[in-house]
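> only geometry, no sequence info:
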């Protein structure tokens, strides 16, 4: 409206107009915040309730340190180094089958379709089917557990063409309260029941399958509540398209929509699932017996030694290395002894669920 009412030489770009409008008139635009970090909300409330200036200054300092730690994670995600290959991954929320506008769906049992997405590249990489891999399966195929996640990551690494100058593989995991150090990387677990499924798989890949140029693997966790990864952008595009689709009764419809934004890989057809959990439990120590505190680690680094063995360390900081490498195998066990078995695809559905879906 402004540009249409002034001469050509007075016309401006939208960003310039917006800057003046917001800064000079103190009018902002935005939407209500959702999924805000719990600790950030806690700091905001404490600042409001602070009784003295000293107490308020202390809380503001703690808040600033919290945000600086969160930014340190994104610096690693944004790094553009030819020696580092970055992979970020996350699970989309469960997709219901059937998806119909009938209000009975709210009370009915449905079959869940799972989408685990891996993005190859840093946060500035273009999201194309070549850089985005979506691993799809339903609860009719298998449940969502550490074996399925580990197998998808293993397939991605095993089929990626590495350049000779790549020395480090960096895995960026989600950091939400329900997934940090358990669901996506350490294994799809509940509560405090942690295992080392994906770490065991990564040790196996580095020992047997990794190109000779790969020296180490880094698994990086963000500050909980500050984890917006490239897969979340993919999920946003998918969900925007799904909102315009009121009825989906065939999983192929989901596949076609997701295929617009990524390369779709179907379980049992395009990739297999192996029992990484059993092999990791058989060869590796329990995390409580490791030489570092898993819960406090922001980075888990896996390195190949000169004699071909694999060592691991956990770093509590993003930019400082204070820990030492050591083995995490049980006494008398080696990574070379891992031989994961392929698991069958297909599991029975409860009769009650079949009856409930049939009635829709």
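Happy to help now that I have it. Computed from a prediction, not measured in an experiment: that's the story for all the values here. Numbers count the residues shown, from 1 in each chain.

> and residue 302, that one's in a helix?
No - remark: residue 302 does not belong to a helix; assigned using DSSP: H, G, I helix; E, B strand; the rest coil, it is strand.

> skipping its backbone neighbours, what lies nearest it in space?
residue 217 (4.3 Å; Cβ to Cβ, 6 or more residues apart in numbering). Just so you know, the C-beta spots here come from the backbone N, C-alpha and C atoms, and that holds for glycine as well.

> what number of residues lie near the one you found?
Residue 217 has 25 neighbouring residues, counting by other Cβ atoms under 10 Å.

> where is the longest helix in the protein?
helix 53-78 (DSSP state H).

> give me the angle between the helix or strand hosting the residue nearest to residue 302 and helix 53-78.
Using DSSP states H and E, residue 217 maps to strand 216-220. Orientation check (axes from the mean of the first three to the mean of the last three Cα atoms, to 10 degrees): strand 216-220 against helix 53-78 gives 140 degrees.

> what strands line up against strand 216-220, and which way round?
Note on strand 216-220: by DSSP bridges, its sheet partners are strand 168-172 (parallel), strand 299-304 (antiparallel).

> mind putting the ones you listed in CSV, mean neighbour count included?
Listed next are the strands paired with strand 216-220 as CSV, based on neighbours: other Cβ atoms under 10 Å:
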stretch, mean neighbour count
strand 168-172, 23
strand 299-304, 21
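
> before we move on, the earlier item: name the helices or strands packed onto the very next helix or strand once past the longest helix of the chain?
Next along the chain after helix 53-78, taking DSSP H and E as the criterion, comes strand 84-91. Packing partners of strand 84-91 (3 or more Cβ pairs under 8 Å, 6 or more residues apart in numbering; DSSP states H and E): strand 111-120, helix 146-158, strand 168-172, helix 230-243.

> got a markdown table for the ones you listed, with mean pLDDT and distance to residue 292 too?
A markdown table is the format used below for those (pLDDT from 0 to 100; distance: least, Cβ to Cβ, whole Å):
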| stretch | mean pLDDT | distance to residue 292 |
| --- | --- | --- |
| strand 111-120 | 95 | 26 |
| helix 146-158 | 94 | 20 |
| strand 168-172 | 95 | 17 |
| helix 230-243 | 92 | 27 |
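
> out of these, which comes closest to residue 93?
Ranking these by proximity to residue 93 (Cβ to Cβ) places helix 230-243 first, at 7.8 Å.

> show me where this protein dips below the pLDDT cut-off.
Across the chain, the ranges flagged by pLDDT under 70 are 28-35, 175-195.

> can you map out the helices along it?
Using DSSP H, the helices found in the chain span residues 14-25, 38-49, 53-78, 146-158, 197-204, 230-243, 251-259, 276-283, 351-358.

> out of those, which is the most enclosed?
Comparing the helices of the chain by mean neighbour count (mean count of other Cβ atoms under 10 Å), helix 197-204 ranks first with a mean of 26.

> and for residue 105, nearest residue in space, chain neighbours not counted?
Once flanking residues are discounted, residue 105 sits nearest to residue 360: 6.5 Å by Cβ to Cβ, 6+ apart.

> now that neighbour: how far from residue 97?
Separation of residue 360 from residue 97 (Cβ to Cβ, to the nearest Å): 10 Å.

> residue 54 too?
57 Å.

> could you do residue 315 as well?
According to Cβ to Cβ, residue 315 stands 42 Å off from residue 97.

> circling back: for the helices and strands packed on strand 84-91, could you give me JSON lines that also reports distance to residue 261?
Below are the helices and strands packed on strand 84-91 laid out as JSON lines (distance: least, Cβ to Cβ, whole Å):
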{"stretch": "strand 111-120", "distance to residue 261": "9"}
{"stretch": "helix 146-158", "distance to residue 261": "17"}
{"stretch": "strand 168-172", "distance to residue 261": "19"}
{"stretch": "helix 230-243", "distance to residue 261": "5"}
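
> let me see the domain layout of this structure.
1-30, 38-78, 81-337 (automatic domain parsing).
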